[in-house]
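# When you get a sec, could you give me coordinates for this:
(one chain, ligands or ions: 1)
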Amino acid sequence: MNRKMLGGLALTLGVAMVLGGCSSQRKNGKTNQKVLRIGVSSYDQYDTFVSELISCFQNYAKEKEKEWEITISLDIRYAQRSQMVQNSQMDDFIDDQVDIACINLVDRTDASGIIEKARKSQTPVIFFNRELVEEDLDRWDELYYVGADAYESGRLQGKILVEECRKNFNKIDKNKDGVLQYVMLEGEAGHNDSLARSMAVIEEITESGYMVEKLADEIANWNRDQAATKMQTFLDTYGEEIEVILANNDDMALGAVDVLTEAGLKPGDTDWPVILGIDGTSVGLEVVKKGEFLGTVLNDGEGQAYAMLELAYALVTENELPEKYQLKDGKYIRLPYREITAEDL
Ligand code: BGC
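Alright, predicted model coming up:
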């Protein structure tokens, strides 16, 4: 048994003690841990939401170094949307003997490379934001997930629209046919958040008694420019028929705003459709304030970053996880979403 394996065994026992909730010894944690080494790999460096989350993680790590009296060394990498690149970044983390890796998977259906490397080297992994299937997370005891329940965000997005319909249906229903004609901008094919959000938002609207008609939907990979290209086609094809634009995230909703603005439309005008995003990124919140979006749903990236750092620290140092973070099924931390409209800002 090599040093790393011994370390891993100690860590496994430690984790069982920290999370099992039965020992008073664990309150003190490891006293000899002077450096916490964390390898972080994000699927793409140009993703607004994930970038904001990572910068919160960096800031929080700086703050916590003082409080925890520990040096936190972060190795942050970007995988350029290639699972192969990310797998080799995991090899680097292991060679560099990180204490724990935080992985924002490129391909959530292809986690096996990372998991095998983690298990063999006994390096715990916290996956974040891009949720892998539960069977994968169950493949080893030291795999965790920090994120949010995507289905809830779709429901809340629908709720914002429903609340507005209750007040102003006649204004939204421009052609007065009693049906909401909508277009949808979806994230990535196969991404849990896109699938769940696209389904949940429509469920919420229809279950609340409003009829909808889908004019078109397109995948725009969470990206503002790609969404603008798709939106241009929607606008050319359907023009004023579009009453509602539902986007799986703020960046894509912003792509829609770009196209409408370029076409000379203004928020507040009768032909400006209702636009809804998800995330509450800094730029997303700005446009809610300006009235360009009816609203967004706050995806608490800051909270997720905090939770991830607290979990990493608790696992490695055998300290207790603060009570406000519930580790569901011993593996999941999911932060709640929140509706945001101009009133909230
Ligand atoms: C966010 C998107 C982001 C995606 C990346 C989603 O949860 O809402 O903005 O692009 O995660 O995985």
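
# Which residues are in contact with the nearest residue to residue 228 once chain neighbours are set aside?
Nearest non-adjacent residue to residue 228, counting by CB to CB, 6 or more residues apart in numbering: residue 255, 3.9 Å away. The way it works is simple: take the backbone N, C-alpha and C, and place the C-beta from them, glycine included. Residue 255 sits next to 185, 220, 223, 224, 225, 226, 227, 228, 229, 230, 231, 247 when contact means CB atoms under 8 Å, 6 or more residues apart in numbering.

# which parts of the stretch 201-345 of the chain sit against the ligand?
With CB under 6 Å from any ligand atom as the criterion, the stretch 201-345 of the chain comes near the ligand at residues 222, 249, 278, 279, 299.

# Sorry, slip of the keys, the one I care about is the stretch 1-150 of the chain.
Counting by CB under 6 Å from any ligand atom, the stretch 1-150 of the chain sits next to the ligand at 47, 49, 50, 129, 130.

# could you redo the last one with a cut-off of 8 Å?
Where the stretch 1-150 of the chain comes near the ligand, counting by CB under 8 Å from any ligand atom, the residues are 43, 44, 47, 48, 49, 50, 104, 129, 130, 147, 148, 150.

# Now do the second one: how many residues are near it, please.
Right, the one you point to is residue 44. Applying other CB atoms under 10 Å, we find 17 residues neighbouring residue 44.

# State the distance from the closest residue to it other than its chain neighbours to residue 272.
Spatially, and ignoring its direct neighbours in sequence, residue 44 is nearest to residue 81 (5.1 Å; CB to CB, 6+ apart). In this view, residue 81 and residue 272 are 34 Å apart by CB to CB, to the nearest Å.

# And for residue 245?
Distance, residue 245 to residue 272, using CB to CB: 10 Å.

# Looking at these two, which has the bigger crowd around it?
Using other CB under 10 Å, the more surrounded residue of residue 245 and residue 272 is residue 245, with 27 against 16.

# for the strand or helix carrying that one, packing partners?
Element membership for residue 245 (DSSP states H and E) is strand 244-247. Packing contacts for strand 244-247, counted by 3 or more CB pairs under 8 Å, 6 or more residues apart in numbering; DSSP states H and E, involve helix 150-172, strand 179-186, helix 250-262, strand 274-276.

# one more time with 6 Å, if that's ok
Applying 3 or more CB pairs under 6 Å, 6 or more residues apart in numbering; DSSP states H and E, we find strand 244-247 packed against strand 179-186, strand 274-276.

# Could you identify which of the ones you listed is most buried?
Of all the helices and strands packed on strand 244-247, strand 274-276 has the most neighbours on average by mean count of other CB atoms under 10 Å, namely a mean of 25.

# Averaged pLDDT, that one. What do you get?
Taken as a whole, strand 274-276 has a mean pLDDT of 98.

# Who are the packing partners of that strand?
strand 244-247.

# where do the helices sit along this structure?
Taking DSSP state H as the test, the helices found in the chain are 3-20, 48-68, 83-95, 112-121, 134-137, 150-172, 192-207, 224-238, 250-262, 282-290, 301-317.

# any idea which of the ones you listed scores lowest on pLDDT?
For the helices of the chain, mean pLDDT drops lowest on helix 3-20, to a mean of 36.

# number of nearby residues for residue 238?
Using other CB under 10 Å, the number of residues around residue 238 comes to 14.

# ok, the nearest residue to residue 68 once chain neighbours are set aside to residue 250 distance?
Leaving out its chain neighbours, the residue that sits closest to residue 68 by CB to CB, 6+ apart is residue 313, at 6.5 Å. If you measure residue 313 against residue 250 using CB to CB, the figure is 30 Å.

# who has more neighbours, the two?
Each of residue 313 and residue 250 had its neighbours counted (other CB under 10 Å), and the higher figure belongs to residue 250 (30 against 24).
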